[in-house]
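In: prediction below, plus the sequence it came from.
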2 protein chains.
Amino acid sequence: MKPKAPTMADVAAAAGVSTMTVSRALKPDTSVSEKTRTKIQEAADALGYVLDSSAANLSSRKTGFVAVTIPSINNSNFADTLRGIVDTLRGTDLQVLLGYTDYSKDEEERLIEQFLRRRPEAIVVTGGAHTERCRRLIGNSGVPVVETWDLPEMPLGDVVGFSNAAAGRLMVEHFIEQGYGKIGFIGGDTSRDTRGLDRRRGFVAALEANGLAADRLVATGPPPITMREGALSMRRMLDRWPDTEAVMCVSDQAAFGAMTEAQRAGLKVPQDIAVAGFGADALSEHAIPAITTVDVSCEEIGVRTATVLLRALGLAEGTLAPESKVTPRLIARDSTTNAARRSS
Amino acid sequence: MKPKAPTMADVAAAAGVSTMTVSRALKPDTSVSEKTRTKIQEAADALGYVLDSSAANLSSRKTGFVAVTIPSINNSNFADTLRGIVDTLRGTDLQVLLGYTDYSKDEEERLIEQFLRRRPEAIVVTGGAHTERCRRLIGNSGVPVVETWDLPEMPLGDVVGFSNAAAGRLMVEHFIEQGYGKIGFIGGDTSRDTRGLDRRRGFVAALEANGLAADRLVATGPPPITMREGALSMRRMLDRWPDTEAVMCVSDQAAFGAMTEAQRAGLKVPQDIAVAGFGADALSEHAIPAITTVDVSCEEIGVRTATVLLRALGLAEGTLAPESKVTPRLIARDSTTNAARRSS
DNA sequence: AGTGATGATGTTATCGGTAACATAAACTGG
DNA sequence: CCAGTTTATGTTACCGATAACATCATCACT
């Protein structure tokens, strides 16, 4: 049934050359005469030969792997970043080895350990919070690292991210500008989603800096924060603080869940309550009303990350690394426009 | 800077044993005395030793890779299936090698070719449409394959999927039951998204079987079909056939875009026009009104796929393979409830 | 024609593990 | 207490490619 896959030696024999010549013929930019290259190509096709990377990796000490960990697959923001990475890497012979941590540092450690055995040429992780052992593993590996989606205090290597706290602050400023005073936050489990927590921290700090109460905080369960979580949290928010005027949510998904829950309860958005999200998902644009959100250029983070890596690996020319800091940008939409309320 | 990573030989020397004993000590279920195992473990930790899979793969002819291709990362349905696969594989020493085809058969071929070099132990592809060369490559590899999300006429190996045509038919029957007569479809580029096309085909066939006109078809651009595409398509639908009573969309995302566009145009859903989607995304549940959709148990597809593979690889006991056919299930919601219209 | 540069190909020695077999030590039961 | 088995460990021979160096022909130009 399975008559053993042909090896390079088989191809070499069939073409009447040495394996070294076959090896060369199968790569671009190597000196092999057109004639023999054709001959070898034909022999390879006839045999159905497929190169064995394991062997190539071992011999050349290059695997072509880039290890990437993201918290969740089912999150369009991280998916956008991943897409940015993969698309930028397309064309090079680098391949992404993807793992998702489920927002757990221990799981991240497990993944990184597993990945390091594959001898990746570069590592991309999400966020700046890691277990001590994980930091050590990555450090020892001597492989270029990029931390994304955050601005870690003790970076492991390169960073392409943004200040999550700034994103929270940005929204508070917007709310205040719009004249809202009783402002709440939905999202942020205490231990896992450190980035969401940072946004909440920035949010709280900004409220306090403006002399406003920062107690209307509804912590959702552990991530991923779903629309349902957003909806449940909004219900809790309204039960506990019925006079809340504006709510920022940890993600656009949560914001949508929260907003529709409020609407189902008979509230008008933004007249009765304003809702904002984070992430600039398409959802926020199409929802009715359109949801105010913070854009952090998820895909761009991926593109820059990959670019940084290509530079670090000497695979892309240019001395200037791309700007590593992404600036969160507020997109004001109808869900937080207070004009209606004021005029009514 | 990089003093070369320690090898198994280094660990063996440090622990005063042979490399073979080290190799055994690092795997479970191998006979090594507790004492030496501890000694080796300590030596390995002290040296910061990390096993090199490339070498292990070459020698043992096992890579632990499962190659998986999905059309798009940014699609929550495929992401769910992927999660089902990854989660089910967790615990085994199999690792997913993920690629996305961008709905292109040529890209799929390119990916599969790239993946085969890594000598995966199993392959998972989405759908049953592949290039001839791709079929050949997979066939020659002698590796177990699972095709998902479809019921191919000429399967390459195992199948875990559903009839996309049936999903389209299901929705038509629901529309008819609700008393709708002028029914349209949004989505389906002619060449790329074959599954979306199958849904449309089933949809058209069912309309005709019921003696209804099946001409209200708005083809979106090439996938991925975004909310924006859904919105644009709805506008075209309404321009061309203003009296349309119900519309099925190729995905929930498209349906949401289409529905909100109709609402922005002043139409009431479902009173003025009914909208339905596909995929049972959380979005459809939370939207206002909640959107009628077809549930195909995306995650379950992934779980079953992984289970089939584990069986095929002899890594899971049990002779009975899981049912490979998933039955699309209609979830009727407010967006297609005609009661309001009839009563008005 | 001679000499060095260039291009095409072959030879040899690994890369870092593991399978398979061999061996030595410890244990079993009558 | 010994033959027979089990357990722990070592030896040897690769797995399938590629790096590095060697070789040999060809070509250009003085």
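Out: Now that the structure is in, tell me what you want to look at.
In: isn't A:E245 up against A:Y180?
Out: Yes: judged on Cβ atoms under 8 Å, A:E245 makes contact with A:Y180 at a distance of 4.6 Å. Bear in mind the C-beta positions are built from the backbone N, C-alpha and C, glycine included.
In: give me the common contacts of the two.
Out: Common neighbours of A:E245 and A:Y180, using Cβ atoms under 8 Å, 6 or more residues apart in numbering or on different chains, are A:A274.
In: excluding chain neighbours, what is closest to the residue in the stretch 151-300 of chain A that DNA strand C sits nearest to?
Out: DNA strand C sits closest to A:G157 of the stretch 151-300 of chain A, with a gap of 22.7 Å, by Cβ to the nearest atom of the strand. The shortest distance from A:G157 to any non-neighbouring residue, by Cβ to Cβ, 6 or more residues apart in numbering or on different chains, is to A:V145 (3.6 Å).
In: next up, the contacts around A:R235.
Out: A:E261, A:A265.
In: how about 7 Å then?
Out: For A:R235, the contact set (Cβ atoms under 7 Å, 6 or more residues apart in numbering or on different chains) comprises A:E261.
In: cool, and A:T36?
Out: A:V17, A:T21, A:A25.
In: out of those, who's nearest B:W241?
Out: A:A25 (58.8 Å; Cβ to Cβ).
In: which residues touch that closest one?
Out: Going by Cβ under 7 Å, 6+ apart, the list of residues near A:A25 reads A:V32, A:T36, A:R37, A:I40, A:Q41.
In: ok, so what distance separates it from A:N77?
Out: Separation of A:A25 from A:N77 (Cβ to Cβ, to the nearest Å): 44 Å.
In: near DNA strand C, from the contacts of A:T36?
Out: A:V17, A:T21 (Cβ under 7 Å from any atom of the strand).
In: restricted to strands, list the contacts of A:T36.
Out: Per DSSP state E, strands hold no members of the contacts of A:T36.
In: tabulate the contacts of A:T36 (a markdown table), appending pLDDT.
Out: Formatted as a markdown table, these follow (pLDDT from 0 to 100):
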| residue | pLDDT |
| --- | --- |
| A:V17 | 92 |
| A:T21 | 93 |
| A:A25 | 92 |
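In: for the spatially most central residue of chain A, what are phi and psi?
Out: Nearest to the mean C-alpha position of chain A, by Cα atoms, centre = their mean, lies A:F78 at 3.2 Å. With angles defined as degrees, to the nearest 10, A:F78 sits at phi -70, psi -40.
In: partners of the residue nearest to it when sequence neighbours are not counted in the sheet?
Out: Distance criterion Cβ to Cβ, 6+ apart; nearest residue to A:F78, sequence neighbours excluded, is A:I70 at 4.2 Å. Beta-bridge partners recorded for A:I70 (DSSP bridges): A:Y100.
In: next one: the residue nearest to the centre of chain A from DNA strand C, what distance?
Out: Distance, A:F78 to DNA strand C, by Cβ to the nearest atom of the strand, to the nearest Å: 32 Å.
In: for A:V296, give me its contacts.
Out: By Cβ under 7 Å, 6+ apart, the contact set of A:V296 is A:F162, A:A167, A:V326, A:P328.
In: among the residues you listed, who's most crowded?
Out: Greatest neighbour count in the contacts of A:V296, by other Cβ atoms under 10 Å in any protein chain shown, goes to A:A167: 25 neighbours.
In: now do the strands in the stretch 201-344 of chain A.
Out: Remark: strands assigned in the stretch 201-344 of chain A by DSSP state E, counting those that start in this stretch are A:217-218, A:246-249, A:274-276, A:293-295, A:329-331.
In: is stretch A:34-41 up against DNA strand D anywhere?
Out: No: using Cβ under 7 Å from any atom of the strand, stretch A:34-41 stays clear of DNA strand D, with a minimum separation of 11.5 Å.
In: how about that stretch, does it reach DNA strand C?
Out: Yes: residues of stretch A:34-41 contacting DNA strand C under Cβ under 7 Å from any atom of the strand: A:K35, A:T36, A:R37.
In: those in helices, which ones?
Out: Judged by DSSP state H, helices contain the following of those: A:K35, A:T36, A:R37.
In: export these to JSON lines and tack on pLDDT?
Out: Listed next are these as JSON lines, based on pLDDT from 0 to 100:
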{"residue": "A:K35", "pLDDT": "88"}
{"residue": "A:T36", "pLDDT": "89"}
{"residue": "A:R37", "pLDDT": "90"}
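In: where does pLDDT dip in chain A?
Out: Along chain A, the model assigns pLDDT under 70 to residues A:1-3, A:318-320, A:339-344.
In: residues in contact with the residue of the stretch 151-300 of chain A closest to DNA strand C?
Out: A:G157 touches A:P144, A:V145, A:V146, counting by Cβ under 7 Å, 6+ apart.
In: quick one, phi psi at it?
Out: Torsion angles, degrees, to the nearest 10, at A:G157: phi -170, psi -130.
In: what's the burial count for the residue lying closest to A:L51 once chain neighbours are set aside?
Out: Nearest non-adjacent residue to A:L51, counting by Cβ to Cβ, 6+ apart: B:R117, 5.0 Å away. Using other Cβ under 10 Å, B:R117 is surrounded by 17 other residues.
In: and B:R117, how far from DNA strand C?
Out: Counting by Cβ to the nearest atom of the strand, the gap from B:R117 to DNA strand C is 16 Å.
In: pretty sure that residue contacts A:S54?
Out: No: B:R117 is beyond contact range of A:S54, at 8.7 Å (criterion: Cβ atoms under 7 Å).
In: OK, contacts around A:P152?
Out: Neighbouring residues of A:P152 by Cβ under 7 Å, 6+ apart: A:G128, A:V159.
In: quick one, phi psi at it?
Out: phi -60, psi 150.
In: can you count the residues close to A:D93?
Out: Neighbours of A:D93 (other Cβ under 10 Å): 10.
In: any idea how far the residue nearest to it when sequence neighbours are not counted lies from DNA strand D?
Out: Residue nearest to A:D93 in three dimensions, not counting chain neighbours: A:G64, with 5.1 Å by Cβ to Cβ, 6+ apart. Distance of A:G64 to DNA strand D, computed by Cβ to the nearest atom of the strand: 11 Å.
In: contacting residues for A:G64?
Out: A:D93, A:L94, A:Q95, A:E121.
In: quick one, phi/psi of it?
Out: Dihedral angles (degrees, to the nearest 10) for A:G64: phi 80, psi 10.
In: quick one: it from A:R119, how far?
Out: Following Cβ to Cβ, the distance that separates A:G64 from A:R119 is 10 Å.
In: contacts only, for the residue nearest to A:G157.
Out: So A:V145 contacts A:I123, A:V125, A:I138, A:L156, A:G157, A:D158 (Cβ under 7 Å, 6+ apart).
In: helices of the stretch 1-150 of chain A, start to end?
Out: A:8-15, A:19-25, A:34-47, A:53-60, A:76-89, A:105-117, A:132-141 (DSSP state H, counting those that start in this stretch).
In: residues touching the residue nearest to A:L51, list them.
Out: Contacts of B:R117 (Cβ under 7 Å, 6+ apart): A:V50, A:L51, A:D52, A:S53.
In: give me the number of residues near the residue nearest to the third one when sequence neighbours are not counted?
Out: Counting by Cβ to Cβ, 6+ apart, A:D52 lies nearest to B:R119, which is 6.2 Å off, once chain neighbours are set aside. Applying other Cβ under 10 Å, we find 23 residues neighbouring B:R119.
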